[in-house]
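[1] After the sequence you'll find the predicted model.
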Amino acid sequence: MLIALAAPLGAGLFFLLSTLVQPARLRGIAVALTVTALCLFWSRTSPQSVKDATIAASLLFLALTALSPRAHASIRTSISPLIPLTALFFGCALATTQLTNPEGVGFLLRLVGLSLLLITVVGQFTRDDIASLRRGLIANGAIQVALGLIELLITHRPVLWGYLIYGNGRGLNNENHLLGDAVSRVQGSLGHPIPFSVVITIALVLLLVEWKTFSRPWALLLLALFAASLILSGSRSGILAAILGVAYVLLNGKTLSSRWRGLLAVAAGAAAIALNADSVGAIVGELVDSGSFSNRQGNLSYVPALLARPPWESLWGSGAATQQLLFDRGLLLNNGLNVVDNQLVTTLATQGVVGLLLLVLLVLVGWRATDAAGRAAILPMVVMLCSFDYLAFASMVSILIVCLAMPRVETVLTADDRACEEGQQASKPMAKMRNINRETTQAISI
């Protein structure tokens, strides 16, 4: 039933948006809405029918957006190199999965379609689109903050979908190591605290990028809510990712004075950490002694075993969603948890050396092609590669792809720039005609 409604929902949302929004902002808002919808309705706890309908509606919505008339402003570059790289990354995974685990092909096809459409739409951005997307991702973070506060204070369970229930009957309501055992980690609608922290971190970083476009009271309120939500998530890796992203923004201001202020702020933060070295050391020690850290470290120690597989499997992997088979074969840490929690190790396991190199290349190409604001958003995503298997989440894939595809602002023409450029191009034939007339008049007078 929900799948049948996906097409009219995606088409209806596009036509409503195209009616209400200026063309120069249409694509940025469309991408932000897509990411928000995936964060709200696609999680490990939402029903499969809801997940399928969300993906189907998103694909149609993005396709219509990509085919819609463009504003006068456009990017000066040719097709993004991310398109063939993304197609190759997922294409290799599809080929291996088709041979080893055909049941995993469907989800990969959805991911590659979603990723390529997102790159295509972002590649059509104007400067207004970039600003709209940034503010949209900040709004997405604010929505998750609201859901998290309702979860913490009122419902005491994730608002939309509840907790993930394991086979043994235990729900995924882990205690928050930062706030004490009496407080459960907040998840929002993401189905897990770590993806929740990723959404909040990206919103926090972009809030600092767009700081001057917000009124001071709203900016301070959002900053406080995002910082508090990171603590409520209980994700220590999320907090580390946020610290690095914030530091990158502060150290890469547009002006020399802003960079100096950023350097002072980072220095003040470092001094505060140094003054509280005992508390920080206790937190780090608790992290190192925790089961989550030992599980990640344990799976990392199996990299030599994964590389020692038969050449074909070592190069191309065992296929998507085959982690359990690898646990059973003793190629990953078989401690009963059976979760890798490291995307780099998971990619090596399921997509082999080729897949891992393509993933790293995707990140490097995106990093090189974007500006400081884009890199500030990419950096936390790179940190979180070592924290959980986020390519298994459609919401996380969409955020990663959007961050990697973000163009440099200076490569995008504003509408005024385009009009000026078109006026200059139009003036060239007129100037040439005036020269011809002048030469003809001189010849007649002679």
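    That came through fine.

[2] Buried residues of stretch 306-313, list them for me.
    Counting neighbours by 16 or more other CB atoms under 10 Å, one finds that the buried residues in stretch 306-313 are 306, 309, 313. Every residue, glycine included, has its C-beta placed from N, CA and C.

[3] again with stretch 317-327
    Of the residues in stretch 317-327, those buried under the neighbour-count criterion (16+ other CB under 10 Å) are 317-323, 325-327.

[4] what about stretch 32-49, how long is it end to end?
    Looking at stretch 32-49, the gap from its leading to its trailing residue is 22 Å under the measure CA to CA, to the nearest Å.

[5] Rounded mean pLDDT for stretch 346-353, please.
    Per-residue pLDDT values across stretch 346-353 average out to 98.

[6] quick check, distance from whichever helix or strand A224 is part of to the centre of its chain.
    Per DSSP states H and E: A224 is located in helix 216-233. Using CA atoms, centre = their mean, to the nearest Å, we find the averaged C-alpha position of helix 216-233 to lie 20 Å away from the chain's own average C-alpha position.

[7] Quick check: buried residues in it?
    Residues 219, 222-223, 225-226, 228-233 are the ones in helix 216-233 that count as buried (16+ other CB under 10 Å).

[8] and these, which two are the farthest apart?
    When the buried residues of helix 216-233 are compared pair by pair using CB to CB, the two farthest from each other are A219 and S233, 21.3 Å apart.

[9] residue ranges with poor pLDDT in the stretch 1-150 of the chain?
    The model of the stretch 1-150 of the chain has pLDDT under 70 over residues 1, 72-79.

[10] Could you check the pLDDT of E439?
    In the predicted model, E439 carries a pLDDT score of 51.

[11] unless I'm mixing things up, M381 is touching V198, no?
    Yes. Here M381 reaches V198: they are 7.4 Å apart, a contact under CB atoms under 8 Å.

[12] Return every residue with contacts to both of the two.
    Residues within reach of M381 and of V198 at once, by CB atoms under 8 Å, 6 or more residues apart in numbering, are 241, 399.

[13] re earlier: which of the buried residues of helix 216-233 lies closest to G336?
    For the buried residues of helix 216-233, the minimum distance to G336 (CB to CB) is 24.7 Å, reached by S233.

[14] got a list of what the closest one touches?
    Under the criterion of CB under 8 Å, 6+ apart, the neighbours of S233 are 148, 185-187, 193-194, 196-197, 200.

[15] returning to what we had before: neighbour count: M381 and V198, which is higher?
    The residue with more neighbours, out of M381 and V198 and counting by other CB atoms under 10 Å, is V198; that gives 33 against 24.

[16] which residue packs closest to the more buried one, ignoring adjacent ones?
    M384 (5.7 Å; CB to CB, 6 or more residues apart in numbering).

[17] That neighbour against I194, yeah?
    Yes. Taking CB under 8 Å as the contact criterion, M384 and I194 are neighbours in contact, 7.3 Å apart.

[18] Show me whatever sits in contact with both of the two.
    Taking CB under 8 Å, 6+ apart as the contact definition, M384 and I194 share the neighbouring residues 237-238, 390.

[19] Quick check: helices, which of these are part of them?
    237-238 (DSSP state H).

[20] ok, the shared contacts of M384 and I194 vs V249, which is closest?
    Distance ranking of these against V249, using CB to CB, places G238 first at 16.5 Å.

[21] Look at that closest one and report its pLDDT.
    95.

[22] Right, I'll call it a day here.
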